[in-house]
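Asker: Could you look at this predicted model? Sequence included:
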Amino acid sequence: MVFLDPQTLIDILLIGLSGTLICLAVHFIPVGGAPAAMAQATGIGTGTVELAAGSGLVGLITSSYMYAYEPNASMPLVMAAGALGAAVMLASTMLAGGLIYAYGVAVPFASAQVKKDPITGERQDIYVSKGTQGQGIPTICFVSGVVGSALGGAGGGLIYFVLMQYYSPLISTSAAAVAGVFTMGVFYVNSVIPSYGVGGTIEGVHDPKFRRVVPKDVFTSIVVSMLCGIVAILIAGGMS
Amino acid sequence: MVLDLTMSMAILALLGALATIAGCLEDLESDVGSQSNPNSQVQLAPQMGLLHRIFNKAISGEPISNGMSAVTGGTVAAVLLNAKFYPLTAIVIGSFIAAILYGIYATTAYAGRVASQSRFKQPLYMDIMRYTTPSIIGHNFIVNFCLVTIAYIQYAVLGYPFSIPFLALIWGISVGAIGSSVGDVHYGGEREFQNREFGCGLNTALSGRIVRKAESGLRNSIDNVWFCAKFGGPATGIGLGLTVFFSSWPTTIWGYTWTAMGVGVIILVVMIIMNRLVEINVKKAYGPYKEDKEEKEAGAVAHTH
């Protein structure tokens, strides 16, 4: 039985772990959804799936290039390349978005979930405009987003690394395509799970919602990602 | 493919420039067609009794619709390249076909959305459809062209392991994610509610009460894209340009080493500091909305004594 091979079991476990890492990462990213696009909520003005997948896929491009051109690339280095690509994408987005909030809409950055920013210690509540849930991207949200996207990118890099190790001996030239598409699939699965938990908006690690929903979402993600891992090994059965 | 440093940097600069144009035009396309989150207000307005002449298209979320468009362009270009077409011809034809397809989705989305609002008496303006749709197609063509060109360069010149359609799909999803996060705020947070005092914040009670009058006559989506082209579009372009440039710059200079990763961390720290500087600047410039209660109470106590 192919499933009883210890290496295969480790691969499934690693895919499960990296999927869980992606799911956890999404909770760190400050997503404000539609209200944030109208400067009515703190965070980035789009959905969790869009952001997590968008940044994670940039990480996939950087990690795949690293894997292709550095034959001796270790697993941590491929993960770091993924983390770098994803974090740069999200940081650029938040920086450019911040410019719009600051000079296009002209609202000071403020979090509605905490009274003081845990990093800068600056008051937040007095800067929240009337009838909104905060606006813009305060420092704590920015840092939380960078950390989260790096975790997600690292998770994507790990899945890609594991799948390439598994598929390359079977289908040498097409392994990257299958591994890439499968990684993208795992990204989408694990970006959707948190959007049910957080209900569309979360400010990041300092949001009380974070502690409330992370355990449930992570547990769901472990189960689903392990299933993805089993499917990834199963589809290899037809490769020759 | 291994290139020398000068050539690698030249190609990276070209990719950054293409990405900047793609990002800018993607956001402007979502403004002229009214897509993504701000479109919820355009959709809501007739339900509040406010009829308008703004295009109302939401094919899907921006990342997905742009991913679809870019992957279509990439696929057609890849097929034509396989048939020995010149790369530029193949990319132009591929992007054009994808843009036409996008235009078809835009018209059906507009007609469908307005038809669903017939009970609120929102009319379907044929003149709006006639002269806004070509603008949507035009914007989308430039986005597709830039993204498929990036994918082609990455595949054929730099030798990325993924195929052209897959790379185009990933960049399409990324450009949509950035456009939806950056430029749409300028459209949704400012342009749609421009009759409010600048910087007063947007009370949720105002939802659906969008501005319907233009500088002259009634406002339409062409007026909106004119305004957003001044800030929202370029800022989105900077977002995607920075992403494409800085995600590859460290490894281009320092190779696939931990040093490159360290440089990446420094870039991230610089971005965090820049965001902090903007935060300090705006808080100083605009000040708080509410008076500090504790200070007020302390002041009142001091006064009574």
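Answerer: In hand now; what should we look at? Numbering: from 1, shown residues only, chains lettered A, B, ... in the order given.
Asker: quick one, helices of the chain?
Answerer: This is for chain A. For chain A, the helices defined by DSSP state H cover A:6-28, A:33-37, A:48-69, A:75-99, A:139-167, A:175-198, A:208-235.
Asker: actually chain B
Answerer: Here chain B has its helices, by DSSP H, at B:5-32, B:39-44, B:62-82, B:87-115, B:126-152, B:164-181, B:183-185, B:221-228, B:232-254, B:258-286, B:293-304.
Asker: Among these, show me which one is buried the most.
Answerer: helix B:183-185 (a mean of 34; mean count of other Cβ atoms under 10 Å in any protein chain shown). In short, each C-beta sits where N, CA and C put it, glycine included.
Asker: Report all helices and strands that that helix contacts.
Answerer: The contact analysis (3 or more Cβ pairs under 8 Å, 6 or more residues apart in numbering or on different chains; DSSP states H and E) places helix B:183-185 against helix A:33-37, helix B:5-32, helix B:232-254.
Asker: tilt between the longest one and helix B:164-181?
Answerer: Read it as helix B:5-32. In terms of direction (axes from the mean of the first three to the mean of the last three Cα atoms, to 10 degrees), helix B:5-32 departs from helix B:164-181 by 60 degrees.
Asker: can you give me phi and psi for the residue of chain B found nearest chain A?
Answerer: Here the residue of chain B nearest chain A is residue B:201; by Cβ to the nearest Cβ that distance is 2.3 Å. Dihedral angles of residue B:201 (phi, psi; degrees, to the nearest 10) stand at phi 80, psi 160.
Asker: give the contact list for it.
Answerer: Neighbouring residues of residue B:201 by Cβ atoms under 8 Å, 6 or more residues apart in numbering or on different chains: A:39, A:107, A:129-132, A:135, B:289.
Asker: In a markdown table, list the helices of chain B along with mean pLDDT.
Answerer: Below are the helices of chain B laid out as a markdown table (pLDDT from 0 to 100):
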| stretch | mean pLDDT |
| --- | --- |
| helix B:5-32 | 95 |
| helix B:39-44 | 92 |
| helix B:62-82 | 96 |
| helix B:87-115 | 95 |
| helix B:126-152 | 96 |
| helix B:164-181 | 95 |
| helix B:183-185 | 92 |
| helix B:221-228 | 94 |
| helix B:232-254 | 94 |
| helix B:258-286 | 95 |
| helix B:293-304 | 58 |
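Asker: so which of the ones you listed gets nearest residue A:30?
Answerer: helix B:164-181 (10.5 Å; Cβ to Cβ).
Asker: I figured residue A:218 hits residue A:20, correct?
Answerer: Yes: using Cβ atoms under 8 Å as the test, residue A:218 is close enough to residue A:20 to be in contact (5.8 Å).
Asker: between those two, which one's more packed in?
Answerer: Between residue A:218 and residue A:20, counted using other Cβ atoms under 10 Å in any protein chain shown, residue A:20 has the larger neighbour count: 23 against 17.
Asker: So which of the helices and strands packed on helix B:183-185 is nearest residue A:205?
Answerer: Between residue A:205 and the helices and strands packed on helix B:183-185, the tightest spacing by Cβ to Cβ is seen for helix A:33-37, at 17.3 Å.
Asker: Which residue, other than its chain neighbours, is closest to the residue most central in space within chain A?
Answerer: Closest to where the C-alpha atoms of chain A average out (Cα atoms, centre = their mean) is residue A:152, at 3.4 Å. Once flanking residues are discounted, residue A:152 sits nearest to residue A:25: 3.5 Å by Cβ to Cβ, 6 or more residues apart in numbering or on different chains.
Asker: That neighbour against residue A:144, yeah?
Answerer: No: Residue A:25 lies out of contact with residue A:144 (Cβ under 8 Å); the separation is 10.5 Å.
Asker: burial of the one residue in chain A that gets nearest to chain B, as a residue count?
Answerer: When scored by Cβ to the nearest Cβ, chain A has residue A:129 as its residue closest to chain B, at 2.3 Å. For residue A:129, the count of nearby residues is 21 (other Cβ under 10 Å).
Asker: picking that back up, can I get the helices and strands packed on helix B:183-185 in JSON lines with distance to residue A:12?
Answerer: Shown next, in JSON lines, are the helices and strands packed on helix B:183-185 (distance: least, Cβ to Cβ, whole Å):
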{"stretch": "helix A:33-37", "distance to residue A:12": "34"}
{"stretch": "helix B:5-32", "distance to residue A:12": "37"}
{"stretch": "helix B:232-254", "distance to residue A:12": "30"}
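Asker: Determine the number of other residues adjacent to the closest residue to residue B:286 other than its chain neighbours.
Answerer: Excluding its sequence neighbours, the residue lying closest to residue B:286 (Cβ to Cβ, 6+ apart) is residue A:108, at 5.1 Å. Neighbour count for residue A:108, taken as other Cβ under 10 Å: 27.
Asker: got it, and residue A:172?
Answerer: 9.
Asker: what's the answer for the one 5 residues further on, then?
Answerer: Other residues near residue A:177 come to 15 when the count uses other Cβ under 10 Å.
Asker: And it, how far from residue A:144?
Answerer: 34 Å (Cβ to Cβ, to the nearest Å).
Asker: Check residue A:183 too.
Answerer: Noted for residue A:183: a distance of 24 Å to residue A:144, by Cβ to Cβ.
Asker: Mind checking which of those two has more residues around it?
Answerer: Counted by other Cβ under 10 Å, residue A:183 and residue A:144 do not tie: residue A:183 has more neighbours, with 32 against 26.
Asker: That one reaches residue A:53, doesn't it?
Answerer: No: assessed by Cβ under 8 Å, residue A:183 is found out of contact with residue A:53, at 10.8 Å.
Asker: if I pick residue B:62, what's in contact with it?
Answerer: Residues in contact with residue B:62 (Cβ under 8 Å, 6+ apart) are A:46, A:50, B:26, B:30, B:35-36, B:176-177, B:179-180, B:184.
Asker: Against residue A:75, how distant is residue B:246?
Answerer: Distance of residue B:246 to residue A:75, given as Cβ to Cβ: 24 Å.
Asker: Same question for residue A:38.
Answerer: With Cβ to Cβ as the criterion, residue A:38 and residue A:75 are 43 Å apart.
Asker: between the two, who's got more neighbours?
Answerer: Comparing residue A:38 with residue A:75 by other Cβ under 10 Å, the one with more neighbours is residue A:38, at 28 against 14.
Asker: shouldn't that one be in contact with residue B:37?
Answerer: Yes: between residue A:38 and residue B:37 there is a contact at 7.4 Å, judged by Cβ under 8 Å.
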